[in-house]
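**Student:** heads up, no residue letters with this:
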DNA sequence: AACAATAATGAGAATGATTATCATTCGCAA
DNA sequence: TTGCGAATGATAATCATTCTCATTATTGTT
């Protein structure tokens, strides 16, 4: 019942579709999922859910702080569980594998850059696009099919 | 005729639509424009151009290195003239005003973060979302109408 | 300067991701 | 358990962007 408590404290009713989506993120080691990914994974797992509901639930979870939304390549949103530890991302342009990192110096210099110019920083997004030099490609379950 | 030289050296034929789009970016102080912005500004200026052409030309200019594409809020692309000086962006969440900055420390730590994890950095995008504390909002011609 | 080969344009259709609509169903408090 | 308001899901609609294809413009060559 821990999940339904999560939903309750987030101000959301505990419904089947929401529990299914939350389970997927909490159980999986595959952290960065698009709406389409979530939809297909649930269907593949025998669960029944509507695509519109997936989009709605993801947005609600984002607003409730349970998930974080990213725009890695600009086209579609991907979501990951918010585990309270802020981090930035390195995305391999060849295979799409995502690695997380945190650099305290970058964080503080960002805040200072904003403050120096009269801005109060709310949030920031930093994505490094790189080549994993084939070290990680073979193990990436979301490997892109290159054209 | 300097513009048609720009296009030539970029490997692009010098056509009217391309010259119009390039002029808009080179003349304006309003640096960050979406395809829709470009289209509407040209029409408003009495120029005749098709929206499909605007999209095509912007993509060609990006590939030729004349423009840089950004995804500030994830929904639509915005473009700015590539003036050779890399920089990152601070975007005001209230009025949408954009300010550029460069921090050598952030740049080098990004490269190091990637290298330390076995990635060769190709590119990166860093956007700081902030509140300009009303200092700049009144002067922003692209001021957003807040809901 | 006119020509032909070729690429570029523009109007509108098509696509892909996401959101809105609305009748039906579900969760929860009384 | 019962009922009300919120949630769901199938589908239509929307938004940004890309594709199609007939027409037009550009450029190197006569």
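**Tutor:** Good, I have the coordinates. It should be emphasised that the depicted structure is a prediction, and the values quoted were computed from it without experimental measurement. Numbering: from 1, shown residues only, chains lettered A, B, ... in the order given.
**Student:** looking at chain A, which strand is longest?
**Tutor:** strand A:120-131 (DSSP state E).
**Student:** now it: buried residues?
**Tutor:** Going by neighbour count (16 or more other C-beta atoms under 10 Å in any protein chain shown), the buried part of strand A:120-131 is A:121, A:124-131. All C-beta atoms are positioned from the backbone trio N, CA, C, and that covers glycine.
**Student:** of these, which ones also sit close to chain B?
**Tutor:** A:121, A:124-131 (C-beta under 8 Å from any C-beta of the partner chain).
**Student:** how far away is the closest residue to residue A:41 other than its chain neighbours from residue B:61?
**Tutor:** Among residues not flanking residue A:41 along the chain, residue A:24 sits closest, at 6.1 Å (C-beta to C-beta, 6 or more residues apart in numbering or on different chains). Note on residue A:24: its distance to residue B:61, by C-beta to C-beta, to the nearest Å, is 41 Å.
**Student:** more crowded one of these two?
**Tutor:** A count of neighbours by other C-beta atoms under 10 Å in any protein chain shown puts residue B:61 above the other of residue A:24 and residue B:61, at 24 against 19.
**Student:** list the contacts of residue A:128.
**Tutor:** Counting by C-beta atoms under 8 Å, 6 or more residues apart in numbering or on different chains, residue A:128 touches A:88-91, B:110, B:113-114, B:119, B:121, B:123-124.
**Student:** residues from chain A in reach of chain B?
**Tutor:** Residues of chain A lying near chain B (C-beta under 8 Å from any C-beta): A:69, A:71, A:74, A:77, A:88, A:90, A:92-93, A:99, A:101, A:103, A:105-106, A:109-110, A:113-114, A:117-133, A:135-136.
**Student:** please go through those residues and note which also touch DNA strand C.
**Tutor:** residue A:77 (C-beta under 7 Å from any atom of the strand).
**Student:** can you give me the strands in chain A?
**Tutor:** Going by DSSP E, chain A shows strands at A:33-34, A:67-70, A:78-81, A:88-92, A:98-101, A:120-131.
**Student:** can I get these in a markdown table with mean pLDDT?
**Tutor:** Shown next, in a markdown table, are the strands of chain A (pLDDT from 0 to 100):
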| stretch | mean pLDDT |
| --- | --- |
| strand A:33-34 | 96 |
| strand A:67-70 | 96 |
| strand A:78-81 | 96 |
| strand A:88-92 | 94 |
| strand A:98-101 | 94 |
| strand A:120-131 | 94 |
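**Student:** which one of those lies nearest to residue A:14?
**Tutor:** Residue A:14 sits nearest to strand A:67-70 of all the strands of chain A, at 16.5 Å, using C-beta to C-beta.
**Student:** pull the distance from the closest one to the chain's centre.
**Tutor:** In terms of C-alpha atoms, centre = their mean, to the nearest Å, the centre of strand A:67-70 is found 4 Å from the chain centre.
**Student:** cool, stretch A:78-96 as well?
**Tutor:** Worked out by C-alpha atoms, centre = their mean, stretch A:78-96 lies 6 Å from the chain centre.
**Student:** can you pull the buried residues of that stretch?
**Tutor:** A:78-82, A:88-96.
**Student:** can you check stretch A:27-43 too?
**Tutor:** For stretch A:27-43, burial by neighbour count (16+ other C-beta under 10 Å) applies to A:32-35, A:37-39, A:41-42.
**Student:** what of stretch A:59-68?
**Tutor:** A:60-61, A:66-68.
**Student:** need the buried residues of stretch A:78-96 in TSV (columns: distance to DNA strand D).
**Tutor:** What follows is the buried residues of stretch A:78-96, written out as TSV (distance: C-beta to the nearest atom of the strand, whole Å):
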residue	distance to DNA strand D
A:78	18
A:79	16
A:80	20
A:81	18
A:82	19
A:88	24
A:89	21
A:90	24
A:91	19
A:92	21
A:93	17
A:94	20
A:95	22
A:96	18
